[in-house]
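Asks: Need a 3D model of the sequence below.
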Amino acid sequence: MPAGRPDRVVVHFLRVSSRNRPLRDLHPSPLFGGCKDRKKSEIQRVYLNFRHRKSEKNISEQFRIFTGKTMDKLIIDAVYHRGKRKLALRFPYNKKYIELVKTIDGAVWSQAISAWLIGNHPENMRSVFRIFKGVAEVDASAVFKKKPEGHTSPGDGQGSAGISKNEERKKLPPPDVKVAGEILKFKYWMRQRRYSENSIRSYLQVLNVFFGYYHDRPLHKISKRDVLSFNQDYIIKYGLSVSYQNHFVNALKLFYRRMQDHNMMVEELERPKRAKHLPKVIPKENIRSMLSSIANLKHKTALSLIYGCGLRRSELIHLKLSNLDSKRMTLTVVDGKGRKDRVLPLSKGLLDLITRYYKAYRPMVYLIEGQSAGQAYSETSLEKIFHKYYGHIQKTHTFTLHCLRHSFATHLLEAGTDLRYIQELLGHKCSKTTEIYTWVSMKDLHKIKNPTDDFEL
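Replies: Down below sits the predicted model:
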């Protein structure tokens, strides 16, 4: 989920002024009653009924009088999570509250939005009010004052109907049944060839989009001209990236190469011209300041290993305790990118840091574990902690977690390390991939005398 929240649309509803009105007279406002979404009206009715019960209104006040403390607040919000409507529950960390939430069917913790998620329907709303009665003050006003996160309101998108380009392009029908069968076979074939799950998932996604676009056309009748039309009328029209287009061509070529009866000239499919972006390098002094300022030992160890060993984020979170050898002072990356293993040296400082971290946290399987023992850490969480700590050093920046790996390679090159050794440390198959760091290294460029050095400016 995106880090930033989209603009919200406030939907007002009528308040019931009289406390003595019977529950059957309590109803949603005409704004909700007149809409077609009966589900939302029902959820609001549940909230209003609970909100206007006299006993419910006085619970938090009675708690304050008898204990001298204020009752914790549990906030319910409506969100979109992985394309589905959910209710997000947020409250101060409390093991008792967590156990109560777990009693609701389908309750799961989302690291991405830091909230517990349950299905968005009236029964779950009732369950929350019932379970937390007298335990915490439940506030569900956000459910009705704002539209769910990720939802585009009328007027925000393009077109008179208020549908954004992003929503419009998602409204594609599924592929034809026969084509879907071929895509499924392709999925099994990729697994037999031991492609990574990320590659399989991304390839299938673009294939479903393409064949959904031509859902009314038989597979053997789709030609190169149709691919060109798709590029123009879908990829370019909706502003999708060059990387997406390149990924689409790769998937289509691989899909058709294993098929016999087709009308696609695979070799004639052209990839787009890609821009050559230079890797972003973080100044060494900034990295030192960031790492030295981190008090959390787990966060410090994670970011130090990514920079100190040039790891990819996926390599770090899959790093197991068995991959470390303290006697040889080495770290082994198993099944890295391209299903390649590599052995990396550990400095004495890194080994001491890992030892202190292990004694404090006692991980069970993975070196850096999540909230539960034996559970791998989240890639999203890694990115978040980088931005959190580096934001203290430089408030405005465009660096990402992967820039630590770029910085590791560039700083080694500037320190005089041979390019061949850097290639081995990074796990690059081709030396040309590693040579990109020579474009950003300032080691030899600073030796060049600038013509303006002879001027008095």
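
Asks: what's the helix or strand harbouring residue 304 in contact with?
Replies: In this assignment (DSSP states H and E), residue 304 forms part of helix 297-309. Helix 297-309 has contacts (CB atoms under 8 Å, 6 or more residues apart in numbering) with 287, 290-291, 294, 311, 313, 316, 319, 331, 344, 346-347, 350, 353-354, 356-357, 360-361, 367-368, 377, 382, 385-386, 389, 401, 404-405, 407-408, 425. C-beta coordinates here come from the backbone N, C-alpha and C atoms, glycine included.

Asks: Was I right to think residue 86 contacts residue 120?
Replies: Yes. Shown here, residue 86 and residue 120 form a contact pair, counting by CB atoms under 8 Å, at 5.5 Å.

Asks: Quick check: end-to-end length of stretch 432-452?
Replies: With CA to CA, to the nearest Å applied, stretch 432-452 spans 33 Å between its terminal residues.

Asks: buried sites along it?
Replies: 434, 436-437, 440-441 (16 or more other CB atoms under 10 Å).

Asks: which stretches of the stretch 201-350 of the chain form strands?
Replies: Assigned by DSSP state E, counting those that start in this stretch, the strands in the stretch 201-350 of the chain fall at 324-325, 330-333, 342-345.

Asks: Neighbouring strands of the shortest one in the sheet, and parallel or not?
Replies: Taking DSSP bridges as the criterion, strand 324-325 forms sheet pairs with strand 330-333 (antiparallel).

Asks: residue ranges of the helices in the stretch 351-457 of the chain, please?
Replies: Here the stretch 351-457 of the chain has its helices, by DSSP state H, counting those that start in this stretch, at 379-393, 403-414, 419-426, 431-434.

Asks: export the buried residues of stretch 432-452 to TSV and tack on pLDDT?
Replies: Below are the buried residues of stretch 432-452 laid out as TSV (pLDDT from 0 to 100):
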residue	pLDDT
434	87
436	84
437	87
440	77
441	77
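
Asks: Out of the strands of the stretch 201-350 of the chain, which is the most enclosed?
Replies: strand 330-333 (a mean of 19; mean count of other CB atoms under 10 Å).

Asks: So what touches that one?
Replies: 305, 309, 311, 315, 319, 323-325, 341-346, 427.

Asks: shaky segments in the stretch 1-150 of the chain?
Replies: By pLDDT under 70, the weakly predicted segments of the stretch 1-150 of the chain are 1-69, 82-83, 144-150.

Asks: Let's see that with 90 instead.
Replies: Where the stretch 1-150 of the chain drops to pLDDT under 90, the residues are 1-88, 90-115, 119-150.

Asks: The stretch 201-350 of the chain now?
Replies: 214-229, 231-233, 235-247, 253, 256-279, 335-340.

Asks: follow-up on the earlier one: would you turn the buried residues of stretch 432-452 into JSON lines with distance to residue 224?
Replies: Below are these laid out as JSON lines (distance: CB to CB, whole Å):
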{"residue": "434", "distance to residue 224": "36"}
{"residue": "436", "distance to residue 224": "33"}
{"residue": "437", "distance to residue 224": "38"}
{"residue": "440", "distance to residue 224": "39"}
{"residue": "441", "distance to residue 224": "42"}
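
Asks: which of these lies closest to residue 269?
Replies: Closest approach to residue 269 among those (CB to CB): residue 436, at 26.4 Å.

Asks: if you skip the residues just before and after it, what's nearest to that closest one?
Replies: residue 279 (6.3 Å; CB to CB, 6 or more residues apart in numbering).

Asks: who's in contact with that neighbour?
Replies: 403, 406, 409-410, 436-437, 440.

Asks: rerun that using 10 Å as the cut-off
Replies: Shown in contact with residue 279 (CB atoms under 10 Å, 6 or more residues apart in numbering): 402-403, 405-407, 409-410, 436-437, 439-440.

Asks: Kindly report the same for residue 434.
Replies: If you count contacts by CB under 10 Å, 6+ apart, then residue 434 has 409, 413, 419-428 around it.

Asks: For residue 380, give its distance to residue 387.
Replies: 11 Å (CB to CB, to the nearest Å).

Asks: cool, residue 188 as well?
Replies: Counting by CB to CB - residue 188 and residue 387 are separated by 39 Å.

Asks: More neighbours: those two, which one.
Replies: residue 387 (13 against 10; other CB atoms under 10 Å).

Asks: isn't that one right up against residue 401?
Replies: Yes. Residue 387 lies in contact with residue 401 (CB atoms under 10 Å); the separation is 8.1 Å.

Asks: The stretch 101-250 of the chain: helices as residue ranges?
Replies: 122-131, 141-145, 165-170, 177-192, 197-213, 224-230, 242-257.

Asks: Return the set of buried residues in the first one.
Replies: Applying a neighbour-count criterion of 16+ other CB under 10 Å, the buried positions in helix 122-131 are 122, 124-125, 127-129, 131.

Asks: how about the longest strand anywhere in the chain as PDB, C-alpha atoms only?
Replies: Scanning the chain for the strand with the most residues, using DSSP state E, yields strand 73-81. Extracted in PDB, the C-alpha atoms of strand 73-81 (Å, rounded to 0.1, in the frame of the first residue of the first chain):
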ATOM      1  CA  LYS A  73      -9.300   4.300  22.000                       C
ATOM      2  CA  LEU A  74      -9.800   1.800  19.300                       C
ATOM      3  CA  ILE A  75     -10.200   3.500  15.900                       C
ATOM      4  CA  ILE A  76     -12.000   1.700  13.000                       C
ATOM      5  CA  ASP A  77     -11.200   2.900   9.500                       C
ATOM      6  CA  ALA A  78     -12.300   1.700   6.100                       C
ATOM      7  CA  VAL A  79      -9.500   0.700   3.700                       C
ATOM      8  CA  TYR A  80      -8.900  -1.100   0.500                       C
ATOM      9  CA  HIS A  81      -6.400  -3.900   0.900                       C
END
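
Asks: That strand: what's the following helix or strand?
Replies: Per DSSP H and E, the helix or strand that comes after strand 73-81 is strand 84-90.

Asks: Next up, the contacts around residue 391.
Replies: Per CB under 10 Å, 6+ apart, neighbours of residue 391: 290, 397, 399.
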